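Undergrad: 3D model of this:
(chains A and B)
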Amino acid sequence: MKKLFFAVIALASLLMLASCSGGEHDDLYVYNWGEYISDGSEDSLNVTHEFELYYKELTGRDMKVHYTTYPSNEDMYAKISSGTSNYDVIIPSDYMIERMIEEGLLAKIDIESVCEKYGAECYYDYIGEDYRGLFYDPENEYSVPYTYGRVGVIYNTTMVDEEDLGGWELMWNEKYAGKILQFNNSRDGFATAQYMLGADVNTTDPDVWRSVQEVMLRQKPLVQSYVMDEIYNKMESGEAAVAAYYAGDYFTMLDINEDLGFYYPERTNVFVDAMCVPAGSANKEIAQLFINFMLSPDVAIANAEYIYYASPNSLVFEDEGYIEDMGEEAMEILYPEGFNFAEELNSYAYRNLDADTLELVNSLWEDMKITGGLPADVYVTAAVIAVGIAAGIAVIVIRKKRRERFY
Amino acid sequence: MKKSFLERASAYPHIVWSVLFIIAPLIFVVYYTFTDADGAFTTENIARLFTSNYVLIFVNSVCLALIATVICLVIAYPLAYIFSRMREKWQRIMILLIMIPLWMNFLITTYSWMTILEDTGIINSILSVFGLSVHMINTPGAVVVGMVFCFLPYMILPIYTVMSGIDEKLLEAASDLGCSGWQRLTKVVMPMSLSGVISGITMVFVPSISTFYISQKLGGGTFQLIGDTIESYFVGTAINYHFGAALSLVLMILILISMAVMNHYTDAEETERRRIK
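TA: Residues are numbered from 1 along each chain as shown, chains lettered A, B, ... in the order given. Predicted coordinates:
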């Protein structure tokens, strides 16, 4: 039934698309996070356009890159798993790659042999040793890491006292009531509490999840709002003082508001986003050429400088020009010394949860969000209105009855 | 009377459209509501709705939507009346002014309201000059403001349309027969504009009760409405189309019932009026 539903939709959209195609060229469909590639804005390199030129040079054929974005792993998953899309390159996060491999949604890739076939220089070897054979893809058969990073706490130095810094406890500190932003998605939100308590973020024990929910309920009165992208606005304007978010995005905010500071709590989420080819892709070889192209030095550096996330590509993190461009502070936060990537990833990354646990987590989150209801005056006003409407209807009915008697 | 082939054929696109985008989705909603993940029949999804938490979400949504609708009506009714009594040229300009906000994407208007209402926002930075400050963002009040701003034109337009159809002579006649200004309003204008009011209420209440963007941005996610909850079951971490569909179905039924009740009484009033006429 679900398949049929999507088939109907797909058929309809195909009909619309069919009339739009024209000209002889190869196509590549890239599906990526928003703001996650150097796109030519602010004098940066336009990566998709560069690939079209590169492909023309390599094969003599025209190429058209179709680039679309998604806001979350779950959105992307919903589209790919419906089986009707024909994307060629996607960039999911670790736990989602694990799930998609399990469900047979990803194709095996072999960048080296594709490069050999097309006579292209292969850059796969430059991926740092630490970033291969990770838990979600131990044999490196399905994915090539694109970026990695960690979640940290962003705070406004003019509003937060220095002695309160250091841990997740800052997000539970009553001194900053009404100035704290929390993630608006269950996994990241609960994880802040789990890291604070030292609990496993991948537990399947319902009791642990329930106790985490209690901790979140304790935080709720202090939270200004539950946000995702609005965090930029609210931290940049000084509307909020404390928020947890991804390290790379901190620099975007710092550009606008230089009062912001950042630190990693002792335990925190580590993630990898990696390039993959969906099993349903119609252009698997071109997709791998594209992935290889993304690893080439100029492109990889342009991307890393544009999105400000740490890169696993040694052509990037060992490049002197890149290190200079990023500056000392950014390098310290993105590539901290003594950071054991593999160990941290294995301890603190999200893993794919089974369906029952996911369901429980989501309903606990929903419960947490709705607990407390609205202020009483809202209900009173609504009740007054309801009584008013009822009275209005009563008047109409009585009048009608009277008229009936009259005639 | 037999219609020509061409006449019948001209309806086909509409039929295809309705089947594809109205009938089929409705069937899917019902199908998902009464099945579980394995496709077997179940009423569990509906039963789960009647646990206290979900009832509270429905109550919250209805309350806020009611308040927003009434505020819209209170603002829109006098405006529509004034517009309909203006000279034609001015009427056109006024209606254009009402329509202009609709040309802007409502996601952008909502986002702008966020920066207007914030503690460090436009209103508060003006107030701070006088040493005042009002906390507005992330309260139910802010959500109501957002709803009123976004949906007010949908209340004004139908009421205005009906009112501009009221013949000036009827009002004169009412005055001639001794009606005071107030009586003229309650005995002539109000009953005659009732149909516009009803469609205005429908067009404001329905989107208000199911909105999720406005409540997320202006309510800060500190309380949930039915639209937020439905959204989280379709694109959240635990995608559950079945329960999401159950929520949508109950919401639709709720709206249908309230519309039916309203139409029942107001239709009665309307036919009564016609009979007397």
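Undergrad: how many residues are close by whichever residue of chain A sits closest to chain B?
TA: Residue nearest to chain B within chain A: A:S225 (2.6 Å; CB to the nearest CB). The way it works is simple: take the backbone N, C-alpha and C, and place the C-beta from them, glycine included. A:S225 has 24 neighbouring residues, counting by other CB atoms under 10 Å in any protein chain shown.
Undergrad: contacts only, for A:E139.
TA: A:G133 (CB atoms under 8 Å, 6 or more residues apart in numbering or on different chains).
Undergrad: my guess is A:V397 is in a strand, correct?
TA: No - checked against DSSP: H, G, I helix; E, B strand; the rest coil, A:V397 lies outside a strand; its state is helix.
Undergrad: ok, the residue of the stretch 51-200 of chain B found nearest chain A - how many residues close by?
TA: Closest residue of the stretch 51-200 of chain B to chain A, CB to the nearest CB: B:C63 (3.6 Å). Counted with other CB under 10 Å, the neighbours of B:C63 add up to 24.
Undergrad: for the closest residue to chain A within chain B, give me its contacts.
TA: Distances between chain B and chain A by CB to the nearest CB are smallest at B:G220, namely 2.6 Å. Residues in contact with B:G220 (CB under 8 Å, 6+ apart) are A:224-227, B:137-138.
Undergrad: need the residues you listed in CSV (columns: pLDDT and secondary structure).
TA: Converted to CSV, those look like this (pLDDT from 0 to 100; DSSP: H, G, I helix; E, B strand; the rest coil):
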residue, pLDDT, secondary structure
A:Q224, 92, strand
A:S225, 91, strand
A:Y226, 90, strand
A:V227, 88, strand
B:I137, 90, coil
B:N138, 90, coil
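Undergrad: nearest to A:S44, of those residues?
TA: A:V227 (26.9 Å; CB to CB).
Undergrad: my read: the closest one touches A:E239, true?
TA: No - assessed by CB atoms under 8 Å, A:V227 is found out of contact with A:E239, at 10.4 Å.
Undergrad: CA atoms only: put stretch A:198-218 into CSV for me.
TA: Extracted in CSV, the C-alpha atoms of stretch A:198-218 (Å, rounded to 0.1, in the frame of the first residue of the first chain):
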residue,chain,number,x,y,z
GLY,A,198,27.1,9.5,31.9
ALA,A,199,24.4,7.2,30.5
ASP,A,200,24.7,5.2,27.3
VAL,A,201,22.9,7.1,24.5
ASN,A,202,22.2,3.8,22.7
THR,A,203,20.6,2.0,25.6
THR,A,204,17.5,-0.2,24.8
ASP,A,205,16.4,-0.2,28.5
PRO,A,206,13.1,1.6,28.7
ASP,A,207,13.6,2.5,32.4
VAL,A,208,16.8,4.4,31.5
TRP,A,209,15.0,6.4,28.9
ARG,A,210,12.2,7.1,31.4
SER,A,211,14.7,8.4,33.9
VAL,A,212,16.3,10.6,31.2
GLN,A,213,12.9,12.0,30.5
GLU,A,214,12.5,13.0,34.1
VAL,A,215,15.8,14.9,33.9
MET,A,216,14.5,16.7,30.7
LEU,A,217,11.3,17.6,32.5
ARG,A,218,13.4,19.2,35.2
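Undergrad: from B:E44, how far out is the residue of chain A closest to chain B?
TA: According to CB to CB, to the nearest Å, A:S225 stands 33 Å off from B:E44.
Undergrad: over to A:L222?
TA: 36 Å.
Undergrad: ok, these two, which is more surrounded?
TA: Using other CB under 10 Å as the criterion, A:L222 and B:E44 rank with A:L222 on top: 18 against 12.
Undergrad: quick check: closest non-adjacent residue to the more buried one.
TA: Excluding its sequence neighbours, the residue lying closest to A:L222 (CB to CB, 6 or more residues apart in numbering or on different chains) is A:A177, at 4.4 Å.
Undergrad: now do the phi/psi pair for the one you found.
TA: Per-residue torsions, A:A177: phi -50, psi 140 (degrees, to the nearest 10).
Undergrad: run a quick neighbour tally on it.
TA: 12.
Undergrad: measure it to A:L345 for me?
TA: 34 Å.
Undergrad: now do the helices in the stretch 51-200 of chain B.
TA: For the stretch 51-200 of chain B, the helices defined by DSSP state H, counting those that start in this stretch cover B:52-84, B:88-103, B:106-117, B:122-127, B:140-164, B:168-176, B:181-183, B:190-210.
Undergrad: out of those, deepest packed?
TA: helix B:140-164 (a mean of 23; mean count of other CB atoms under 10 Å in any protein chain shown).
Undergrad: need the pLDDT of the residue of chain B closest to chain A.
TA: Note on B:G220: pLDDT of 85.
Undergrad: with A:G104 instead?
TA: 94.
Undergrad: for the one 3 residues further on, same thing?
TA: A:A107 is assigned 95 on the pLDDT scale.
Undergrad: residue contacts, residue 115?
TA: Using chain A. A:121-122, A:124, A:288-289, A:292.
Undergrad: oops, chain B please
TA: A:233, A:237, B:121-122 are the contacts of B:T115 under CB under 8 Å, 6+ apart.
Undergrad: how about a cut-off of 10 Å?
TA: Applying CB atoms under 10 Å, 6 or more residues apart in numbering or on different chains to B:T115 gives the contacts A:233-234, A:237, A:239, B:121-123, B:137.
Undergrad: ditto for A:P206
TA: A:P206 neighbours (CB under 10 Å, 6+ apart): A:356-357, A:360-361, A:364.
Undergrad: which residues are in contact with each of A:V227 and A:E239?
TA: Residues touching both A:V227 and A:E239 (CB under 10 Å, 6+ apart): A:181, A:233.
Undergrad: which positions in the longest helix along chain B come out as buried?
TA: Criterion DSSP state H: the longest helix present in chain B is helix B:241-276. For helix B:241-276, a neighbour-count test (16 or more other CB atoms under 10 Å in any protein chain shown) marks B:241-251, B:255, B:258, B:262, B:265-266, B:269-270, B:272 as buried.
Undergrad: tell me what it is packed against?
TA: Counting contacts by 3 or more CB pairs under 10 Å, 6 or more residues apart in numbering or on different chains; DSSP states H and E, helix B:241-276 is packed against helix A:355-370, helix A:376-406, helix B:24-33, helix B:44-49, helix B:52-84, helix B:190-210, helix B:226-235.
Undergrad: run through the stretch 251-400 of chain A and note the low-pLDDT ranges.
TA: By pLDDT under 70, the stretch 251-400 of chain A contains no weakly predicted segment.
Undergrad: what ranges do the helices span in it?
TA: So, for the stretch 251-400 of chain A - with DSSP H, counting those that start in this stretch - the helices run A:284-295, A:297-307, A:314-317, A:320-326, A:328-334, A:341-348, A:355-370, A:376-406.
Undergrad: A:T252 touches A:Y308, doesn't it?
TA: Yes - using CB atoms under 10 Å, A:T252 is in contact with A:Y308, at 6.6 Å.
Undergrad: would you mark the buried spots in stretch A:372-386?
TA: Applying a neighbour-count criterion of 16+ other CB under 10 Å, one finds A:373-374, A:378, A:381-382, A:385 buried in stretch A:372-386.
Undergrad: what's the answer for stretch A:356-369, then?
TA: A:357-369.
Undergrad: circling back to that earlier point, from the buried residues of stretch A:372-386, which are also near chain B?
TA: A:373-374, A:378, A:381-382, A:385 (CB under 10 Å from any CB of the partner chain).
Undergrad: contacting residues for B:A68?
TA: Here B:A68 is in contact with B:143-152, B:155, B:204-205, B:207-209, B:211, B:214 (CB under 10 Å, 6+ apart).
Undergrad: filter those residues down to the ones close to chain A.
TA: Checking the contacts of B:A68 against chain A (CB under 10 Å from any CB), the matches are B:143-144.
Undergrad: identify the bridge partners of A:D273.
TA: A:S93, A:T147 (DSSP bridges).
Undergrad: test my guess that it contacts A:T147.
TA: Yes - A:D273 lies in contact with A:T147 (CB under 10 Å); the separation is 5.2 Å.
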